[in-house]
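> Could you look at this predicted model? Sequence included:
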Amino acid sequence: MNQNMMIGGLFALMAALLNACIGIISLLLINSGLSSEAIAFLKTVLAYILVTLILIKIPNHQQKNIISTTTNSKRLLIKMSICAFLGIFILFFFETMAYSFSYSSPANVVVILMSSAAVSALFFGYLILNEKLFVSSILGAMLAIIGVSIISWQGTINVPLLLNASIAGVGYGLFTVLIKKFKLNGGIYLTKYLLLFGSFYLFLPFIIKFDFDIAGKLNFDIFMGILFLAVLPTICGFYCTTKALKYLSAGNVQVTELSEPIFSALLTVIFFGTMPNNAFYIGALFIILGLVLINQLFKRHG
């Protein structure tokens, strides 16, 4: 395996690990009385504030130069605003909305979202970036999606969940393709600007469905849940995804992130002592085989 593929793969796996906690925390917050619009907006704006505090001593012009040195500021802002619309607004808004329809089967959201993200990344990567679609890539994506379904699928599906999770996944997949198309260098600086634009986008649905009793609902546990979502999957997860895109194709990143259910199961073992069933091991095998195929790990790299 060459160095770039190894680095990109590690970042994508870290993103999958960080994203593994989204479903359960979002569902707990929804059950606590927060709307999906409030959760999506609050975690994004809190994440932006935290990143801004981290970077407060670094001048804005230096941050922009680190993101991209090949375009002017106006074009850079337009590119980041487009990516933020897809990767922050579309993903966060429709993902959280899907969890509000998941009831007792939040894992179904993961299956649909991650599968549609992987397929859309491969499709748009071919269409927009002229990335080659190898047989191994298509087969690898199919095996990984089957593996995710074996591990995570729970019962039947309802139309609102299917629609919202699919939109979130397609938006996320196209987001990863455009990050490469626009040649945006991933990392903490890009994450900051994505969160800034995303906060503006998510403010509109938040204020339209504003809950005047929201202050009374924001107890310590809810605040910690929002903080948890802001720090781990939002800041750190986006950082790892955008960094992975520097080294791998968008399709490779998305299929690698299909390993998320494996990390979810491992976290369940660590924190709750609940051992996975046989379906987990079968699904994990399919996912691993899929990752081997799409990243062409069966080849020798010199």
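Happy to help now that I have it. Numbers count the residues shown, from 1 in each chain.

> Specify the local secondary structure of residue 53.
helix (DSSP: H, G, I helix; E, B strand; the rest coil).

> Quickly note the distance from it to residue 18.
According to C-beta to C-beta, to the nearest Å, residue 53 and residue 18 sit 20 Å apart. No exception for glycine: its C-beta is placed from N, CA and C like everyone else's.

> Same drill for the two, tell me which one is more crowded.
residue 18 (23 against 9; other C-beta atoms under 10 Å).

> does the more buried one really touch residue 240, like I thought?
Yes. Applying C-beta atoms under 8 Å, one finds residue 18 in contact with residue 240, separated by 6.5 Å.

> Give me the spatial nearest neighbour of residue 23, chain neighbours excluded.
Once flanking residues are discounted, residue 23 sits nearest to residue 106: 4.4 Å by C-beta to C-beta, 6 or more residues apart in numbering.

> Correct me if wrong: that neighbour contacts residue 27.
Yes. Between residue 106 and residue 27 there is a contact under C-beta under 8 Å: 5.1 Å.

> Which neighbours do the two have in common?
residue 99 (C-beta atoms under 8 Å, 6 or more residues apart in numbering).

> my guess is residue 83 meets residue 194, correct?
Yes. Applying C-beta under 8 Å, one finds residue 83 in contact with residue 194, separated by 6.3 Å.

> Mind checking which of those two has more residues around it?
The residue with more neighbours, out of residue 83 and residue 194, is residue 194; 29 against 25, by other C-beta under 10 Å.

> For that one, grab phi and psi.
Backbone torsions of residue 194, given as degrees, to the nearest 10, read phi -60, psi -40.

> quick one: contacts for it?
Contacts of residue 194 by C-beta under 8 Å, 6+ apart are 80, 83, 84, 87, 88, 238.

> just checking, which of those belong to helices?
80, 83, 84, 238 (DSSP state H).
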